[in-house]
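[1] quick one, fold the following:
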Amino acid sequence: MRTRLYLLCVLLSGWFLVSGQDKPKKAVQLYEEAEAAYNDDKYTQALGILDECLKHYPGYFEAYALRGSVKEILKDNDGALTDYSIYLEKFPDHLPVLMSRAILRYKIGFYDLAKEDFFRLLAMNPSETNTVFYRQNMTVGDRSPVMTPESGHKSYIYNYLGLVEAKLKDHRTAIAYYDTALSHNPNEPDYYVNRGLSREALHDSTAAADYESALKLNYRHTLARHNLQALKAKQGESITFEDRLTQTINEDSTMLYPYLERALQRFEGGYYKGAVEDYTMALEIDPSDAEIWLGRGLARERLKDYDGAFSDYTKAIDLREDFFKAWINSMTTCQRPILKIMGGTSAGYTRVQHRSMNAMANWRRLNYGTCLKTQTRALMIVTFFNYWKRMI
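    Here you go, the predicted model:
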């Protein structure tokens, strides 16, 4: 009797233990929670929920599409591209996700693949959708609503095909695509600006007319005004290029292009502190561009901020592991204090700089920029310097 009672207690305890454990939520419930977090701009939270959803329900494809959008917002472009592609393997004709992948491929420089997606989109008939597409990188990188697929996606796609050809330096083909975009929608100022940029690249004076057309449609269009002023300056106006850039920045501080142009002007003019400030603002807009990190590193190096310069070069390398310029500058930045400590000469530094290429494979994984902090790191300097002396 006691034995039976004992076994019954064990079984009941096990049942209560199992029933008390949290069961995974249903896929739809997790998806709706993630969607709510996404709509509230809580993207990191949404990502965590979607990761959990796909961990338990890897066949719930709607979660891949939403996670791709979340990852894109969080600057994980590779992850976003993967999620969009997984979804499109199952639903290859889903227009909103295909559009998102096409635009993302354009943004990260996969121009031929982007063209493939855009051509597929042109061949499709838009279905009912609540998706709103934004003017991401149409010209100025803003996020004003531009269209839903059923309201006229073809002009939008032709515009992007023009942007792709412009990136590939085929401006005549780009202009033909912009012409087609404008034939479908003549009331979009960005299309005129884009065509004006390609016409400028071909030294076509009618570019000014495109910028003026854009301003007639939107008198506050910052890039149209900036480019029109630049053309007028070529005709003899006295305002300097940097002043025009400053005026453009004051009118719209969210644009990336003016900061980069002004940073270059300041760097070339020897105003390195101002260049650092502009590159810093540019990085707030786009922290995923390795070239911007390199530019700020170069300016910091001129200010003898070697720790800051090395940190920027390292970040550039993290973003693009094959970024040769960043590797070279990271090493030469470390060589300056090394040669100072070891009594090096400028001639020796020049030879070391020229030998950087040959030693990169053996030394590129060392964190040289931290080697002045402790005795252990100081020993790394001596070892590294002796290695270079043997090469010289």
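
[2] burial of residue 25, as a residue count?
    Residue 25 has 16 neighbouring residues, counting by other Cβ atoms under 10 Å. C-beta: built from backbone N, CA, C; applies to glycine.

[3] kindly state the pLDDT recorded for it?
    We note a pLDDT of 76 for residue 25 in this prediction.

[4] secondary structure class for it?
    coil (DSSP: H, G, I helix; E, B strand; the rest coil).

[5] how close does it get to residue 104?
    Per Cβ to Cβ, to the nearest Å, residue 25 is found 29 Å from residue 104.

[6] and residue 253, by the same measure?
    For residue 253, the distance to residue 104 equals 25 Å [Cβ to Cβ].

[7] out of these two, which sits in the more crowded spot?
    Neighbours per residue (other Cβ under 10 Å) separate residue 253 from residue 104, with residue 104 holding more: 23 against 13.

[8] in what helix or strand does that one lie?
    Using DSSP states H and E, residue 104 sits in helix 95-107.

[9] which helix or strand lies directly C-terminal to that helix?
    For helix 95-107, the succeeding helix or strand toward the C-terminus, using DSSP H and E, is helix 111-122.

[10] state the mean pLDDT of that following helix.
    The average pLDDT within helix 111-122 is 94.

[11] quick one: buried residues of it?
    Buried residues in helix 111-122, counted by 16 or more other Cβ atoms under 10 Å: 113, 114, 115, 117, 118, 120, 121.

[12] neighbouring contacts of the helix or strand harbouring residue 64?
    In the assignment (DSSP H and E), residue 64 maps to helix 62-73. Helix 62-73 is contacted from outside by 27, 30-31, 34-35, 38, 43, 46-47, 50-51, 53-54, 57, 77, 79-84, 86-87, 94, 97, 100-101, 104, using Cβ atoms under 8 Å, 6 or more residues apart in numbering.

[13] list the buried residues of it.
    The neighbour-count check on helix 62-73 (16+ other Cβ under 10 Å) flags 62, 63, 64, 65, 66, 67, 68, 69, 70, 71, 72 as buried.

[14] I'd like those as CSV, with pLDDT and distance to residue 269 appended.
    Converted to CSV, these look like this (pLDDT from 0 to 100; distance: Cβ to Cβ, whole Å):
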residue, pLDDT, distance to residue 269
62, 93, 53
63, 92, 51
64, 94, 49
65, 94, 48
66, 95, 47
67, 95, 45
68, 94, 43
69, 94, 42
70, 94, 42
71, 94, 39
72, 93, 37
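
[15] could those go into JSON lines alongside distance to residue 291?
    Formatted as JSON lines, these follow (distance: Cβ to Cβ, whole Å):
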{"residue": "62", "distance to residue 291": "36"}
{"residue": "63", "distance to residue 291": "34"}
{"residue": "64", "distance to residue 291": "31"}
{"residue": "65", "distance to residue 291": "31"}
{"residue": "66", "distance to residue 291": "31"}
{"residue": "67", "distance to residue 291": "28"}
{"residue": "68", "distance to residue 291": "25"}
{"residue": "69", "distance to residue 291": "26"}
{"residue": "70", "distance to residue 291": "26"}
{"residue": "71", "distance to residue 291": "22"}
{"residue": "72", "distance to residue 291": "20"}
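
[16] greatest separation within the residues you listed: which pair is it?
    Farthest pair in those (Cβ to Cβ) is 62 and 72. Separation: 16.2 Å.

[17] what's the nearest residue to residue 198 if we skip its chain neighbours?
    In space, residue 198 comes closest to residue 171 once its chain neighbours are excluded; the distance is 4.0 Å by Cβ to Cβ, 6 or more residues apart in numbering.

[18] and that neighbour, what is it in contact with?
    Contact analysis of residue 171 by Cβ under 8 Å, 6+ apart lists 165, 198, 199, 201, 202.

[19] could you do residue 181 as well?
    Contacts for residue 181 (Cβ under 8 Å, 6+ apart) come out as 155, 156, 158, 159, 162, 188, 191.

[20] JSON lines for those, including neighbour count, secondary structure and distance to residue 247?
    Below are the contacts of residue 181 laid out as JSON lines (neighbours: other Cβ atoms under 10 Å; DSSP: H, G, I helix; E, B strand; the rest coil; distance: Cβ to Cβ, whole Å):
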{"residue": "155", "neighbour count": "21", "secondary structure": "helix", "distance to residue 247": "31"}
{"residue": "156", "neighbour count": "26", "secondary structure": "helix", "distance to residue 247": "30"}
{"residue": "158", "neighbour count": "23", "secondary structure": "helix", "distance to residue 247": "32"}
{"residue": "159", "neighbour count": "28", "secondary structure": "helix", "distance to residue 247": "27"}
{"residue": "162", "neighbour count": "27", "secondary structure": "helix", "distance to residue 247": "27"}
{"residue": "188", "neighbour count": "23", "secondary structure": "coil", "distance to residue 247": "25"}
{"residue": "191", "neighbour count": "30", "secondary structure": "helix", "distance to residue 247": "24"}
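
[21] from those, which is closest to residue 269?
    Closest approach to residue 269 among the contacts of residue 181 (Cβ to Cβ): residue 162, at 34.0 Å.

[22] against residue 183, how distant is that closest one?
    Relative to residue 183, residue 162 is positioned 12 Å away (Cβ to Cβ).

[23] just residue 268 next, same as before
    Distance, residue 268 to residue 183, using Cβ to Cβ: 42 Å.

[24] for residue 231, same thing?
    As defined by Cβ to Cβ, residue 231 lies at a distance of 25 Å from residue 183.

[25] who has more neighbours, these two?
    The neighbour comparison of residue 231 against residue 183 (other Cβ under 10 Å) goes to residue 231, with 15 against 12.

[26] any idea which helix or strand carries that one?
    Assigned by DSSP H and E, residue 231 falls within helix 222-234.

[27] now for that helix, which elements pack on it?
    Under the contact definition 3 or more Cβ pairs under 8 Å, 6 or more residues apart in numbering; DSSP states H and E, helix 222-234 sits against helix 189-201, helix 207-217, helix 241-251.

[28] out of these, nearest to residue 280?
    Closest to residue 280 of the helices and strands packed on helix 222-234, according to Cβ to Cβ: helix 241-251, at 13.2 Å.
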